[in-house]
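Enquirer: attaching a predicted model along with its sequence, questions to come.
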Amino acid sequence: MSTVIVLAFTGLGLGALYFLIASGLSLIFGLMHVLNFAHGAILGVGAYVGWWAASHVGGGPGLRLLLAVLVGMATSTVLAALLELVLVRRLYDREIAQVLVTVGVGLALVALLQGIWGTDPRSYPVPGWMRETIHVGGAAIPQGRIVVIVVGALVLAAFVLFLRHTRYGLIVRAGVENRAMVTALGIDVRRAFTLVFALGGAAAGLAGALAGAYFGTVTPQLGSSLLIYAFIVVVIGGLGSVTGSAIAAVLVGLLQQFTNYYAASGLGDLSVVLLLAVVLLLRPQGLLGRPV
Amino acid sequence: MTRLRNPLAGLVLVVLLAVAPYSVLQVPGVLPGPLNSPGTLQVLAICLVFAALALSYDLLFGFTGLLSFGHALYFAIGGYVTAIAVSRWHWGLVPSVLAALLVTLVVAALSGAVSLRVQGIAFAMVTLAFAQAGSVLVVQDPLGVTGGEQGLGLDASGLPDLFVGVVNTRYLYWLALALAVVVYLVVRVVTQSPAGHVWSAIRENELRAGVLGLRTYAFKLAAFVIGSVLAALCGAVYVIVVGGASAGVTTADFTLSLLVMVVLGGSGVRSGAMLGGFAYMLLDQRLGSLAGAQSISALPAVLEVPLSQPLFLLGVLFVLVVMFLPGGLASLPRLLRRGGARERGRVREPGAEAV
């Protein structure tokens, strides 16, 4: 029983990381039909810059992790907003080109990370209390897992509140439904584009710092390896639906962990792809996506 | 480009490439040594394989408008099945390659049938997921045949003598050249066939093609399978040229690099895709040694760090091409000639309708 609980918390923690990345991707895609391939690299840059900032100050690991989170999030937010303003926006009528540009930026950013900080893993500041365990139903759970899960849930709540109860959220939701109509009403959707990119970047930066604390290290490839699962999460959840992404992220994280443990290590990744195939066969638009 | 000049120019190019191993021409900075040296021929052979691979991808992306991010999977299957059959099961080379093509045919038909249930970007993501599954299988190696991250060397005793040893590099080069010609001819024939016209109709407007009564799903699946089998052939030749399969060709980055090649060269244009694949690999292989050059390592870190990363330069170049040269390198001559002359072709953007 305790194994099941440990696996469940590990899966939920991983799911929370997937969700943090997928939420931004899903919104950007829903609104702009741009699959942001640079999202993983933006996460990586946020994680590295945060780590760099944290390794240049004194103080305990807790304070340094907080600094890494704040600096990382700020960097990712600015980077994502710049990506939209400088490159993506100029290709307004060329959706494929928008995707391609993010591919190029993603490649270049990861190469830049490798050039500056090398390919070796960098150890992230992890406060002692995150490594300590608490007992849940007889199972010892590292408190770091719980932090990641709680942050994931908070971000989900924040996104839902933002989308449901703010003016910009309304524009974004309407834009996801029918961009042409919103534009015809005289609302400048482009500002919503930048906003969504920035929000996605912030979530990615947060995910980068948390992934650093979760795994203990960061590598330049961290972003792209997480990004693929985030893509799968977005498709399973339904393009453009943040709640769908959250449900799918939890499903994917749990499935991966349980299969890895009870079947064989490595089969977890395959089972996720299998889940994707099944979902597509039964429900091509994803769990909460609108019918296509 | 006029219709008459094109085949002739292509023929001349092939003949020139075919006699290259007899030349001692040096291209300092671009090629590692004289043309007839094994090192240079190896580099050129790899570039030719990727020219063919890029064209096989362009059959999906440029000609049919299918934005697949899983093409590397079929290249990897072709390479790995060949390597496994030759090295582990001690099959002959020809049966091994045929087996690789057959396996690819089956896998591509199945995965294509599933992923084509969705369109546009979702299709891209699903194909990426399948490629990722392949990558996991290769790296984790549950059946103990792929060699995991170490890769799998090709057992030289299973190869014809012609393809073994450094002195025979020119035969590998000719093999790669033959591959490029074969893939070119196949793509030329199929894209000019009736099915090819349906593919371009799908690329331009799939809904309209469907309304005309064409079963677009079947046509897209056909393009997907043909492109995948061609990619597998490229994979088989690749492992022969480099002497083994490595897990690197299964990664998501590798898959993306195929897209970069095609767009750099010019998608939907046969010569463009091939040029893109060739140029990308040449840059990728040679920029690395450029980074080691003293002139670069002597630069201040602000310049040295980015310049020493081939992927950084390729990424930036790619962004610039997408932004300012939508037709890719292949559209450069036309852009330069543009002025008074009437414009025959258009700078189009394949796949734009698919999303």
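Expert: Alright, I've got the coordinates.

Enquirer: in the stretch 101-250 of chain A, which spans are helices?
Expert: A:128-131, A:143-165, A:167-177, A:179-184, A:189-215, A:222-237, A:242-262 (DSSP state H, counting those that start in this stretch).

Enquirer: residues contacting the first one, please?
Expert: Translated: helix A:128-131. The list of residues contacting helix A:128-131 from outside it, by Cβ atoms under 8 Å, 6 or more residues apart in numbering or on different chains, reads A:61-62, A:142-144, A:147, A:213. C-betas here are computed from N, CA, C, even on glycine.

Enquirer: same check on the fourth one?
Expert: Surrounding helix A:179-184, the residues in contact under the criterion Cβ under 8 Å, 6+ apart are A:31, A:171, A:174-175, A:189.

Enquirer: quick one: mean pLDDT over it.
Expert: Across helix A:179-184, the average pLDDT comes to 85.

Enquirer: can you pull the buried residues of that helix?
Expert: By neighbour count on 16 or more other Cβ atoms under 10 Å in any protein chain shown, the buried set for helix A:179-184 is A:179, A:182.

Enquirer: about what we covered before: just give me the closest of the contacts of helix A:179-184 to chain B.
Expert: Within the contacts of helix A:179-184, the smallest distance to chain B is 12.9 Å, found for residue A:31 (Cβ to the nearest Cβ).

Enquirer: hmm, back to that, most neighbours, which of the contacts of helix A:128-131?
Expert: Among the contacts of helix A:128-131, the one with the most neighbours (other Cβ atoms under 10 Å in any protein chain shown) is residue A:213, at 24 neighbours.

Enquirer: next secondary structure after the helix or strand of chain B with the lowest mean pLDDT?
Expert: When each helix and strand of chain B is scored by mean pLDDT, DSSP states H and E, helix B:294-297 comes last, with a mean of 65. Per DSSP states H and E, the first helix or strand lying C-terminal to helix B:294-297 is helix B:301-307.

Enquirer: check which helices and strands that following helix sits against.
Expert: helix A:95-117, helix B:294-297, helix B:310-324 (3 or more Cβ pairs under 8 Å, 6 or more residues apart in numbering or on different chains; DSSP states H and E).

Enquirer: count the residues that sit near the closest residue to chain B within the stretch 101-250 of chain A.
Expert: Distances between the stretch 101-250 of chain A and chain B by Cβ to the nearest Cβ are smallest at residue A:108, namely 3.0 Å. Using other Cβ under 10 Å, residue A:108 has 23 other residues around it.

Enquirer: contacting residues for the closest residue to it other than its chain neighbours?
Expert: Of all residues not flanking residue A:108 in the chain, residue B:315 sits nearest, at 3.0 Å (Cβ to Cβ, 6 or more residues apart in numbering or on different chains). By Cβ under 8 Å, 6+ apart, the residues touching residue B:315 are A:104-109, A:111, B:260.

Enquirer: could those go into a markdown table alongside pLDDT?
Expert: Output for these, formatted as a markdown table (pLDDT from 0 to 100):
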| residue | pLDDT |
| --- | --- |
| A:104 | 93 |
| A:105 | 95 |
| A:106 | 93 |
| A:107 | 91 |
| A:108 | 93 |
| A:109 | 94 |
| A:111 | 91 |
| B:260 | 89 |
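
Enquirer: between those, which sits nearest residue B:163?
Expert: residue B:260 (29.5 Å; Cβ to Cβ).

Enquirer: measure that closest one to chain A for me?
Expert: Distance, residue B:260 to chain A, by Cβ to the nearest Cβ, to the nearest Å: 7 Å.

Enquirer: helix, strand or coil: sort out residue 276 for me.
Expert: You didn't say which chain, so I picked chain A. Here residue A:276 is recorded as helix under DSSP: H, G, I helix; E, B strand; the rest coil.

Enquirer: test my guess that it contacts residue B:126.
Expert: Yes - judged on Cβ atoms under 8 Å, residue A:276 makes contact with residue B:126 at a distance of 6.6 Å.

Enquirer: what sits in contact with each of those two?
Expert: Common neighbours of residue A:276 and residue B:126, counting by Cβ under 8 Å, 6+ apart, are residue A:235.

Enquirer: circling back to that earlier point, out of the helices and strands packed on helix B:301-307, which gets nearest to residue B:284?
Expert: Per Cβ to Cβ, nearest to residue B:284 of the helices and strands packed on helix B:301-307: helix B:310-324, 5.4 Å.

Enquirer: which residue, other than its chain neighbours, is closest to residue B:239?
Expert: residue B:79 (4.3 Å).

Enquirer: okay but the one you found is in contact with residue B:249, surely?
Expert: Yes - Residue B:79 is within contact range of residue B:249, at 6.5 Å (criterion: Cβ under 8 Å).

Enquirer: check which helix or strand the residue nearest to residue B:239 maps to.
Expert: Per DSSP H and E: helix B:71-87 holds residue B:79.

Enquirer: where does pLDDT dip in the chain?
Expert: Since you didn't name a chain, this refers to chain A. Residue ranges of chain A with pLDDT under 70: A:291-292.

Enquirer: sorry, should have said chain B
Expert: Using pLDDT under 70, chain B drops low at B:1-6, B:290-298, B:338-355.

Enquirer: residues in contact with residue B:235?
Expert: Per Cβ under 8 Å, 6+ apart, neighbours of residue B:235: B:53, B:74-80, B:82, B:100, B:245, B:249.

Enquirer: would you list the phi and psi of the closest residue to residue B:286 other than its chain neighbours?
Expert: With Cβ to Cβ, 6+ apart as the criterion, residue B:286 has its nearest non-adjacent residue at 6.4 Å, and that residue is residue B:30. Here is the backbone geometry of residue B:30 (degrees, to the nearest 10): phi -90, psi -50.

Enquirer: how near is residue B:30 to residue B:108?
Expert: Per Cβ to Cβ, to the nearest Å, residue B:30 is found 36 Å from residue B:108.

Enquirer: next: residue A:59.
Expert: Residue A:59 is 55 Å from residue B:108, by Cβ to Cβ.

Enquirer: neighbour count winner among those two?
Expert: Shown here are residue A:59 and residue B:108; by other Cβ under 10 Å, residue B:108 has more neighbours (25 against 11).

Enquirer: my guess is residue B:332 meets residue B:324, correct?
Expert: No - judged on Cβ under 8 Å, residue B:332 makes no contact with residue B:324 at a distance of 11.1 Å.

Enquirer: same drill for these two, tell me which one is more crowded.
Expert: More crowded of residue B:332 and residue B:324, by other Cβ under 10 Å: residue B:332, with 13 against 7.

Enquirer: quick one, what contacts the more buried one?
Expert: Shown in contact with residue B:332 (Cβ under 8 Å, 6+ apart): residue B:325.

Enquirer: so it sits in a helix?
Expert: Yes - counting by three-state DSSP, residue B:332 falls inside a helix.

Enquirer: one step back: name the stretch among the helices of the stretch 101-250 of chain A that sits most buried.
Expert: helix A:222-237 (a mean of 27; mean count of other Cβ atoms under 10 Å in any protein chain shown).

Enquirer: put the alpha carbons of that helix into PDB.
Expert: Extracted C-alpha coordinates of helix A:222-237, given in PDB (Å, rounded to 0.1, in the frame of the first residue of the first chain):
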ATOM      1  CA  LEU A 222      16.000  19.200 -19.500                       C
ATOM      2  CA  GLY A 223      13.600  21.400 -21.300                       C
ATOM      3  CA  SER A 224      13.300  19.400 -24.500                       C
ATOM      4  CA  SER A 225      12.800  16.100 -22.600                       C
ATOM      5  CA  LEU A 226      10.000  17.600 -20.500                       C
ATOM      6  CA  LEU A 227       8.600  19.400 -23.600                       C
ATOM      7  CA  ILE A 228       7.700  16.200 -25.400                       C
ATOM      8  CA  TYR A 229       5.600  14.900 -22.500                       C
ATOM      9  CA  ALA A 230       4.000  18.300 -22.300                       C
ATOM     10  CA  PHE A 231       3.100  18.100 -26.000                       C
ATOM     11  CA  ILE A 232       1.500  14.700 -25.300                       C
ATOM     12  CA  VAL A 233      -0.300  16.200 -22.300                       C
ATOM     13  CA  VAL A 234      -1.600  19.000 -24.400                       C
ATOM     14  CA  VAL A 235      -3.000  16.700 -27.100                       C
ATOM     15  CA  ILE A 236      -4.600  14.300 -24.600                       C
ATOM     16  CA  GLY A 237      -6.100  17.200 -22.700                       C
END
